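1. sequence? don't have it. structure:
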């Protein structure tokens, strides 16, 4: 990656939470007080770091993010909250800041206590190794079943001053965010107030991470943080500046969301599902999600089988307005359904060829309205079952 961003440092160490001595504890640090925003899981079962960080971010300010992989610290009761608080305290003490300025995130196995001896022993080297070039290691440390670190960047200008947005994310399984992704941390040196940052983050999340699905599951730990330290030195943002920043932030999250779907556990295909002509915005989203989450559709994607009947059946149970005789479906540029009827064997053979590619688009036009949605998804393979069957063992 090689990304750096002025006013921020990062580090990562192997605390021993992951098997094999991999990096598993990351720290992001702003050298000055930063405006902070966050979006969290809508799952009613919320991990201790989610509950703690929601409180710490209420004032719209933060200085640091500490995140561990290998253990979710979820479903761990009062001890889990004490462990999350202690993690923030240990980091804040070494950094010389208040515990409330530290945001905490975790990912990994649910239901197992966090080994605080490992965390305690790792905090000193974690803080001492902070450096401006540490973002790449931090992105690696938050991975669980990810096959590669996910990072993205945007460069813009506000008030005549250049600024950057750099983001990282982890996520490959338990992905159908109803708020965000598994974990994503976004840093920017723009000067922006907390209200504007929160609004831009929420709107961007809705357009990107909330339009991503690997397996239809929403995690207990889903968290997105954004920190803006103002080092770019821009003055008050004009309307045009705010719009450009929101576009840039959304672009970073969109890049990360694509990577998450592409890196779905065991995935061999990255699929963009576009649903058009729905009767309402809710119908467009519900229809697209139902198709994207269908196990039968996803296994057909893996088998390179343009089984359009599975798509039709998924739409029919989605609880949305539809007319079977109006439906059109394409795989890339090959139409396989017209007016609710198949276009024949030759069309399906051509579509199957398109599905041999690593990435392709499924387009559904319902012809009952003007609303459209897009979902990033992937196929469901034998490897997905293998990864999750022995995830803890």
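-> Nice, I can see it. Predicted model, so just to flag it, every value in this text is computed and none were measured.
2. Mind checking what helix or strand follows the longest strand seen in the chain in sequence?
-> The longest strand of the chain (DSSP state E) is strand 25-40. Of the helices and strands lying after strand 25-40 in sequence (DSSP states H and E), the nearest is helix 48-56.
3. how distant is the next helix or strand after that next one from the center of its chain?
-> Remark: after helix 48-56, the chain's next helix or strand is strand 61-71, criterion DSSP H and E. Put simply, strand 61-71 sits 16 Å off its chain's centre (CA atoms, centre = their mean, to the nearest Å).
4. With stretch 233-252 instead?
-> Counting by CA atoms, centre = their mean, stretch 233-252 comes out at 21 Å from the chain centroid.
5. I'd like the average pLDDT over it.
-> The average of the pLDDT scores along stretch 233-252 is 96.
6. Show me what it is in contact with.
-> 152-161, 163, 165-167, 186, 188, 190-192, 196, 200-201, 203-204, 207-208, 226 (CB atoms under 8 Å, 6 or more residues apart in numbering). In short, each C-beta sits where N, CA and C put it, glycine included.
7. For the residue lying closest to residue 143 once chain neighbours are set aside, grab phi and psi.
-> Leaving aside its chain neighbours, residue 143 sits nearest to residue 170 (5.1 Å; criterion: CB to CB, 6 or more residues apart in numbering). With angles defined as degrees, to the nearest 10, residue 170 sits at phi -130, psi 150.
8. quick one: low-confidence ranges for this protein?
-> Within the chain, the segments meeting pLDDT under 70 span 1, 172-182, 214-218, 264-266, 382, 384-393.
9. How is it partitioned into domains?
-> 8-262, 270-389 (automatic domain parsing).
10. Do I have it right that the residue nearest to residue 143 meets residue 105?
-> No: contact status for residue 170 versus residue 105: not in contact, 9.7 Å apart, counting by CB atoms under 8 Å.
11. ok, these two, which is more surrounded?
-> residue 105 (32 against 28; other CB atoms under 10 Å).
12. about what we covered before: for PyMOL, write a command that selects the buried ones of the contacts of stretch 233-252.
-> A single PyMOL command selects the buried members of the contacts of stretch 233-252 (16 or more other CB atoms under 10 Å):
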select buried, resi 152+153+154+156+158+161+163+165+166+167+186+188+190+191+192+196+200+201+204+208+226
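13. Mind checking which of the contacts of stretch 233-252 land in strands?
-> Per DSSP E, the subset of the contacts of stretch 233-252 in strands is 152-158, 161, 163, 165-167, 186, 188, 226.
14. what about residue 120, neighbour count?
-> Residue 120 has 13 nearby residues by other CB under 10 Å.
15. ok but it is inside a strand, no?
-> No: counting by DSSP: H, G, I helix; E, B strand; the rest coil, residue 120 is not found in a strand; it is helix.
16. picking up where we left off before, please identify the deepest-packed of the domains of the chain.
-> Sort the domains of the chain by mean neighbour count, taking mean count of other CB atoms under 10 Å, and domain 8-262 sits at the top with a mean of 21.
17. now what about stretch 307-318, what contacts it?
-> For stretch 307-318, contacts defined as CB under 8 Å, 6+ apart pick out 283, 286-287, 290-291, 294, 296-297, 300, 322, 324, 327, 329, 336-337, 340, 342, 362, 364, 366.
18. Quote the end-to-end distance of stretch 365-381.
-> Length of stretch 365-381, first residue to last, CA to CA, to the nearest Å: 27 Å.
19. er, stretch 273-285 I mean
-> 11 Å.
20. Over to stretch 119-136?
-> End-to-end distance for stretch 119-136: 21 Å, by CA to CA.
21. and that stretch, how far from the chain's centre?
-> 24 Å.
22. let's number from 22 now, not from 1
-> In the new numbering, first residue 22, that becomes stretch 140-157.
23. Show residues contacting it.
-> 22-26, 29-37, 46, 48-50, 87, 89, 104, 107-108, 111-112, 115-116, 170, 172, 187, 189, 208.
24. now the top helix by length along the chain and strand 46-61, what's the angle there?
-> Of all the segments assigned as helix in the chain under DSSP state H, the longest by residue count is helix 260-283. Taking axes from the mean of the first three to the mean of the last three CA atoms, to 10 degrees, helix 260-283 and strand 46-61 form an angle of 110 degrees between their directions.
25. starting at the chain centroid, how far to helix 260-283?
-> On CA atoms, centre = their mean, the centre of helix 260-283 falls 12 Å from that of its chain.
26. now stretch 58-68
-> Using CA atoms, centre = their mean, the offset of stretch 58-68 from its chain centre is 13 Å.
27. now stretch 149-161
-> On CA atoms, centre = their mean, the centre of stretch 149-161 falls 20 Å from that of its chain.
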